[in-house]
Every structure is written in structure tokens, then in C-alpha cells.
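[1] coords below, sequence missing:
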């Protein structure tokens, strides 16, 4: 069985993976770091700016799959500094409406390209 993959021009891959893969009615979105698709570089700035860019990239992938944030069931957030949790959460709370998707936030020692945050999602068609 072959994979059905989705790619978005408004998202960047920094390795050999697809932006998203469809499995039945589930769409698994690869983690997005705060890379600006126009420049191919990590967005400079604080956790607010980096979190906003992650969501911009992810929502471009959702759109490429014909979905919206309302289709998101689960989100995983990876932070290199858990002191940024509150500021990340402020941005996060504006991306979805209630009831919010399930979520896990994990502190990690480092992320690709020196990013402060990476976010991945699972959506349902």
C-alpha cells in the first residue's frame, strides 16, 4: 500500500520526510519548526514569534490536505525551555476554538536548526 502524502508550499522540510501522510481518515502532520518558507531560515525572535511561525507552517499543510484547524484532534508541542510554556500557551490558545484538541507539551534539550519550539499534529478528515 502506498502512502498518500501532502506537501505545502508554505512549509519547509529539513529532512527526508513528508509534510503530512494520510492513513484512513487520519492525517499525520510532521513537526514544523519556525522556518520561514520564503527565506528558508529560522524566524528570529522570541517564543511568541517562533510559535506563530510553526502554526503558520502547520496550517499551510492542513490547507494542502483540504483541512482546517477544526479538524485537528491532537497536538504535540516540543519546547527547549519550559519557562516559555506560558508565552507559547498564549499563542496556542488563539489557534483553536473550544473544545480544544488534546495536547502534550514536552521539554527537550534541543531542536533542529536551534529552534525554540516544534509542533506536530494529528487531524481527522
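    Ah, there it is. Every value quoted in this text rests on a predicted model; they were computed, and no experiment measured them. Numbering: from 1, shown residues only.

[2] Run through this protein and note the low-pLDDT ranges.
    Counting by pLDDT under 70, the chain has low-confidence residues at 1.

[3] remind me, longest helix of it?
    Counting residues, the longest helix in the chain under DSSP state H turns out to be helix 47-64.

[4] and for that helix, what are the contacting residues?
    Under the criterion CB atoms under 8 Å, 6 or more residues apart in numbering, residues 6-12, 19-20, 27, 29-30, 32-37, 42-43, 68-69, 71-72, 79, 81, 84, 87-88, 90-92, 95, 115-119, 121, 123 lie in contact with helix 47-64. Where you see a C-beta, it was placed from the backbone N, CA and C, and this is true even at glycine.

[5] gap between it and the chain center?
    What separates the centre of helix 47-64 from the centre of its chain is 6 Å, taken as CA atoms, centre = their mean, to the nearest Å.

[6] in it, what counts as buried?
    With burial defined by 16 or more other CB atoms under 10 Å, the residues of helix 47-64 counted as buried are 47, 50-62, 64.

[7] That'll do, ta.
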